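**Q** Generate coordinates for the sequence data below:
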Amino acid sequence: MTPIKKEPDIILFVNDIPDDPEVMRKDLNEYGKKNKKSFRLAIIRDTRRIEIGEAKEYASDIIYLSCDFSDPIKIQKALLPYQNEILAVTCRSEINIDSFSKLVPNVPYLRTPTSESLDWAIQKTMMRKRFNAYDKKITPKFSIVKNFSKETIKNVKEKVGFPLVVKPSGLASSLLISVCYYEEELEQTLEESFKVIRKIYKENDRKKEPELLVEQFMEGEMFSIDGYVSSKGKVYFCPLVKVKTGKQIGFDDFFGYQRILPANIKKSSSEKAQEVAKKGVHALGLRSVTVHIELMRLEDGWKVIEIGPRMGGYRHLMYQLSYGINHALNDILIRIPQKPIIPRKVKGHTAVFLFYAKKEGRLKAIKGVKKVQELESFKEIKISKKIGDVCKFAKNGGKFVCNLVLFNQDRSKLLADIRRMEKTLKIIT
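**A** Numbering: from 1, shown residues only. Purely as a prediction, here's the structure:
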């Protein structure tokens, strides 16, 4: 009797499942019932990054694989027992994209981005080069520097001019991002940044020579948008999110302080933002992936700040609350591939905040938490530091002290609660 051939049904996650696996399983089961499909979950872990004894363990029916991703033969052997059963592979966080890139050549018959496009997307210098080659209008003036010599400073002044932003090429989030307004400040920033980067590279055994991206400081309004890129390059966009940075509230820092959805922006302006975002995606050659795109709206049009080949932070919750969009499910659908489901009717208004101490030091107290929890718009708060922990700015490698989510069906009520919250919540160092 000929055995029945089993259809591929495994959704493979790289290193971890950031969302609750039970919620993910429930969402997939509901989708499966409607479409007469079933799914299993699996995690493949890169032992270079995650010690297996320290890794999270979920339900017993989740399949666990692990190997050293620096050796493609080890990846091939780890995948071999399930190679005909894997339907899609996804990577949810920026820190794991390098592992994802190493995995891709070993799953050649799945719909994935190319390893090269993933590498271009996590190296800010290469990203800028490709934007510039594709369409100079979508990117600010920039220069790539590998030292802080007098000649380098002179070239930067001529090519970029002041004010300017200094960014590390391959580090995540807002780490080591600084604004410089004059030559002496640029010299000091470059010297200090290279010291820190070399230390980080050494700790992570990175062989590449450190380099910094120096680009024109763009004075405008910041937005972000997530989208799903098909295997043929069609981009299905979610709604725009308005972003307020730490710089805008008095910090000498560029962390994302406030994200608010819907962005309260004209349809014509949103469409122009999407056009520029799509050019950025195509410049990097990304496909079969979810993308997070940061944009700046200037007087002369939109420009791309950067693009990440993954879901944006807190976007799953924000899109779910404000539109009923299941961002995590769509991230899988685009890779199966199926058309993502993107409801457009507004259900309410969501704001997410990241809080840093206004002065670096050790945490003494967080005041006003109980009053904030009593607000009508309060959804959740997560405190990531305890009393006595060191608080640093994001540009110096620090993590936020706490994050807060507010939601209200009425925009005016949400804005009122934001005002109350900002007067109440205080971080003391």
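
**Q** Just the endpoints, please. Distance across stretch 33-41?
**A** Start-to-end span of stretch 33-41 (C-alpha to C-alpha, to the nearest Å) is 16 Å.

**Q** Not counting that stretch itself, show me its contacts.
**A** Contacts to stretch 33-41, defined as C-beta atoms under 8 Å, 6 or more residues apart in numbering, come from residues 9-11, 13, 17, 21, 24-25, 28-29, 31-32, 61-63, 85, 87. All C-beta spots, glycine's among them, are computed from the backbone N, C-alpha and C.

**Q** Buried among those residues? Make that a PyMOL selection.
**A** Selection command for PyMOL covering only the buried members of the contacts of stretch 33-41, criterion 16 or more other C-beta atoms under 10 Å:
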select buried, resi 9+10+11+13+17+21+24+25+28+31+85+87
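
**Q** For the helix or strand hosting residue 372, list every residue counted as buried.
**A** Using DSSP states H and E, residue 372 maps to helix 369-373. By neighbour count with 16+ other C-beta under 10 Å, helix 369-373 contains the buried residues residue 372.

**Q** following that helix, which helix or strand shows up next?
**A** By DSSP H and E, the next helix or strand past helix 369-373 is strand 378-383.

**Q** Name the residues of stretch 384-402 that come out as buried.
**A** By neighbour count on 16+ other C-beta under 10 Å, the buried set for stretch 384-402 is 385, 391, 393, 394, 395, 398, 399, 400, 401, 402.

**Q** From those, pick the one nearest residue 427.
**A** Of all those, the one with the least separation from residue 427 (C-beta to C-beta) is residue 401, at 5.3 Å.

**Q** So what does that closest one look like in phi/psi?
**A** Per-residue torsions, residue 401: phi -80, psi -40 (degrees, to the nearest 10).

**Q** Shouldn't residue 359 be within a strand?
**A** No - counting by DSSP: H, G, I helix; E, B strand; the rest coil, residue 359 falls outside a strand, being coil.

**Q** Next up, the contacts around it.
**A** Remark: with contacts taken as C-beta under 8 Å, 6+ apart, residue 359 is in contact with residue 429.

**Q** Distance check, it against residue 426.
**A** 12 Å (C-beta to C-beta, to the nearest Å).

**Q** if we can go back for a sec, in CSV, list the buried residues of stretch 384-402 along with secondary structure.
**A** Conversion of these to CSV gives the following (three-state DSSP):
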residue, secondary structure
385, coil
391, strand
393, coil
394, helix
395, helix
398, coil
399, coil
400, coil
401, coil
402, strand
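
**Q** which residues touch the helix holding residue 372?
**A** When contacts are defined by C-beta under 8 Å, 6+ apart, helix 369-373 is touched by residues 378, 381, 383, 404, 421, 424, 425.

**Q** Please spell out the ChimeraX selection for the buried subset of the residues you listed.
**A** Buried residues among the contacts of helix 369-373 (16+ other C-beta under 10 Å), as a ChimeraX selection:
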select :378,381,404,421,425
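
**Q** Nearest to residue 271 among the contacts of helix 369-373?
**A** Nearest to residue 271 among these is residue 404, at 31.4 Å by C-beta to C-beta.

**Q** just checking, that closest one is part of a helix?
**A** No - judged by three-state DSSP, residue 404 forms no part of a helix; its state is strand.

**Q** who's it bridged to?
**A** In this structure, residue 404 bridges to residue 353, residue 381 when assessed by DSSP bridges.

**Q** repeat for residue 226
**A** Beta-bridge pairing for residue 226 (DSSP bridges): residue 292.

**Q** chain center to the biggest helix by length in the chain, what's the gap?
**A** Criterion DSSP state H: the longest helix present in the chain is helix 183-203. When C-alpha coordinates are averaged (C-alpha atoms, centre = their mean, to the nearest Å), helix 183-203 and its chain have centres 24 Å apart.

**Q** Contacts for the following helix or strand past that helix, please.
**A** Using DSSP H and E, the helix or strand that follows helix 183-203 in sequence is strand 212-216. Residues outside strand 212-216 that contact it (C-beta under 8 Å, 6+ apart) are 124-125, 128, 140-146, 156, 160-161, 164-169, 186, 190, 193-194, 197.

**Q** ok, of the buried residues of stretch 384-402, which one's closest to residue 44?
**A** Nearest to residue 44 out of the buried residues of stretch 384-402 is residue 399 (C-beta to C-beta; 26.8 Å).

**Q** still on that earlier bit, now go through the contacts of stretch 33-41 and say which are in strands.
**A** Judged by DSSP state E, the contacts of stretch 33-41 include 10, 11, 13, 63, 87 as members of strands.

**Q** from memory residue 389 sits against residue 360, does it?
**A** No - Residue 389 is beyond contact range of residue 360, at 11.8 Å (criterion: C-beta atoms under 8 Å).

**Q** can I get the ones in strands among the contacts of stretch 33-41 in a markdown table with pLDDT and distance to residue 228?
**A** A markdown table is the format used below for the ones in strands among the contacts of stretch 33-41 (pLDDT from 0 to 100; distance: C-beta to C-beta, whole Å):
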| residue | pLDDT | distance to residue 228 |
| --- | --- | --- |
| 10 | 96 | 20 |
| 11 | 96 | 15 |
| 13 | 96 | 17 |
| 63 | 94 | 25 |
| 87 | 97 | 16 |
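
**Q** what about burial for the contacts of strand 212-216, which qualify?
**A** 124-125, 128, 140, 142-145, 156, 160, 164-169, 186, 190, 193-194, 197.

**Q** Residue 344: neighbour count?
**A** The number of residues packed near residue 344 is 9, by other C-beta atoms under 10 Å.

**Q** no no, residue 321
**A** By other C-beta under 10 Å, the residues close to residue 321 number 20.

**Q** Residue 108 too?
**A** By other C-beta under 10 Å, neighbour count at residue 108 equals 7.
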